[in-house]
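Undergrad: Need a 3D model of the sequence below.
(one chain, ligands or ions: 1)
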Amino acid sequence: MNIKNLTRTFPLLAALLAAGPAAAAGGKLRVLATTDYLGSLTQTIGGDKVKVDYLSPAGFDADNYSPRPQDLFKIHRAKLFIMVGLSLEDWARDLVNAANNPGLIKAEVYHGIKLLDVPKGSVDFSFGDIHPHGNPHFQLDPEDGRVMARNIKTALAYADPANKDYYAANLADFERRLTAAEARWKELMAPYKGWAFTPYHEDMDYFAQAFQLSIPKPPNTIEEKPGFVPSPRRIEEVINQGKTAGVKLIVTEPYYDVSIGRAVANGEKLPFLVVSLYDIGLDPKQTDYISMEDSIVTRFAQAFAGHGD
Ligand SMILES: [Zn+2]
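TA: Take a look at the predicted model:
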């Protein structure tokens, strides 16, 4: 979408944006997040002191979100904007510039994450839709969930210092529940330590590291280059390399062509799993960050045991 033409196409939007930002929402801090899981974590830490909305809907790929006209207004009236960072939301930069909200506080939650897949040397478009500053898909490592929650608490306390103790108490409660859940997840995944799987996109590396799984290289991912549909030659290569590397599970995300992942799984006679990294609220079992992780870990364990999708 061409952001520059938006306000010309939608005159009402131009009028709304010309008005001063209305940050308060019934006395609550108005927070906008880029993704569903950031919105959910913000709700968990912000409790009843915040009014939270998010941009890229659950079920969509935040790598490739196309902003909508109403997103400009959402940014215009927010007090705090929470992003992943690391170029995941390159699509948000023009929106923020066009939203006429000079007082907007921006927070990127990747600070403090031990980044994976940081490219060595310079990258250009020939690499595909690569993550040029390191892999931004760290949300499935529960310890990174902890880092994100702490960063969100810091941002909320900065934007709304009067309630900083409330945010700190909610963070402490979240961390207690996360620690207990992590023990359960580690136990569930323990039988599969070292097991190999192949994801479609480079978005499971942190998850694999957290649960001591392996993503063998090659094939690494079904995609040859991020953002490009793999060729039939590539698919055959992934199947052959996967057999040699002892891969035990094929995983894809619902917003890519699921039939490709299924063809690879069939070619290797392996279980197959469809996992969305953005699924809070769509799956009735995934209502917040911890239940999302709970559902994904459980489904991985079931798929490794032969019960895939
Ligand atoms: Zn990506």
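
Undergrad: Which parts of this protein are helices?
TA: 3-9, 11-18, 36-46, 69-77, 91-98, 142-159, 164-189, 205-210, 232-245, 258-268, 289-304 (DSSP state H).

Undergrad: Just name the most buried of those.
TA: Most buried of the helices of the chain, by mean neighbour count (mean count of other CB atoms under 10 Å): helix 36-46, with a mean of 25. The C-beta positions use only the backbone N, C-alpha and C, and glycine is treated the same way.

Undergrad: what's that one in contact with?
TA: 29, 31, 33, 50, 52-54, 56-58, 82-84, 109, 139, 145, 148-149, 152-153, 156, 167, 170-171, 174, 277-281, 288-289, 292 (CB atoms under 8 Å, 6 or more residues apart in numbering).

Undergrad: 7 Å - rerun?
TA: 29, 31, 33, 50, 52-54, 58, 82, 84, 109, 139, 148-149, 152-153, 156, 167, 170-171, 174, 278, 280-281, 288-289, 292 (CB atoms under 7 Å, 6 or more residues apart in numbering).

Undergrad: now do stretch 297-309
TA: 185, 188-189, 192, 195, 248-249, 271-275.

Undergrad: and the two most separated of those?
TA: W185 and F272 (21.5 Å; CB to CB).

Undergrad: low pLDDT regions in the stretch 101-250 of the chain?
TA: 124-129 (pLDDT under 70).

Undergrad: one more time with 90
TA: 117, 119-133, 218-219, 225-228 (pLDDT under 90).

Undergrad: Give me the phi and psi angles of P254.
TA: phi -70, psi -20 (degrees, to the nearest 10).

Undergrad: same check, this time on the one 3 residues further on
TA: Reported as degrees, to the nearest 10, the phi and psi values for D257 are phi -70, psi 100.

Undergrad: from here on, count from 45
TA: With 45 as the first residue, the last one maps to D301.

Undergrad: Pull up the gap between it and I157, please.
TA: 29 Å (CB to CB, to the nearest Å).

Undergrad: Settle it for me: which of those two has more neighbours?
TA: I157 (22 against 13; other CB atoms under 10 Å).

Undergrad: ok, that one touching V191?
TA: Yes. Between I157 and V191 there is a contact at 5.5 Å, judged by CB atoms under 7 Å.

Undergrad: Domain boundaries for the chain, per the record?
TA: Domain segmentation of the chain under automatic domain parsing yields 47-224, 227-348.

Undergrad: what's the offset of the first one from the middle of its chain?
TA: Put plainly, it is domain 47-224. Remark: domain 47-224 is offset 11 Å from the chain centroid, using CA atoms, centre = their mean, to the nearest Å.

Undergrad: Please apply the same query to the last one.
TA: Taking CA atoms, centre = their mean, the mean C-alpha location of domain 227-348 is offset from the chain mean by 15 Å.

Undergrad: list the contacts for the residue lying closest to A151 once chain neighbours are set aside?
TA: Distances taken as CB to CB, 6 or more residues apart in numbering put A199 closest to A151, at 3.7 Å, once the chain neighbours are dropped. Contact partners of A199, counting by CB under 7 Å, 6+ apart, are 124, 126, 151.
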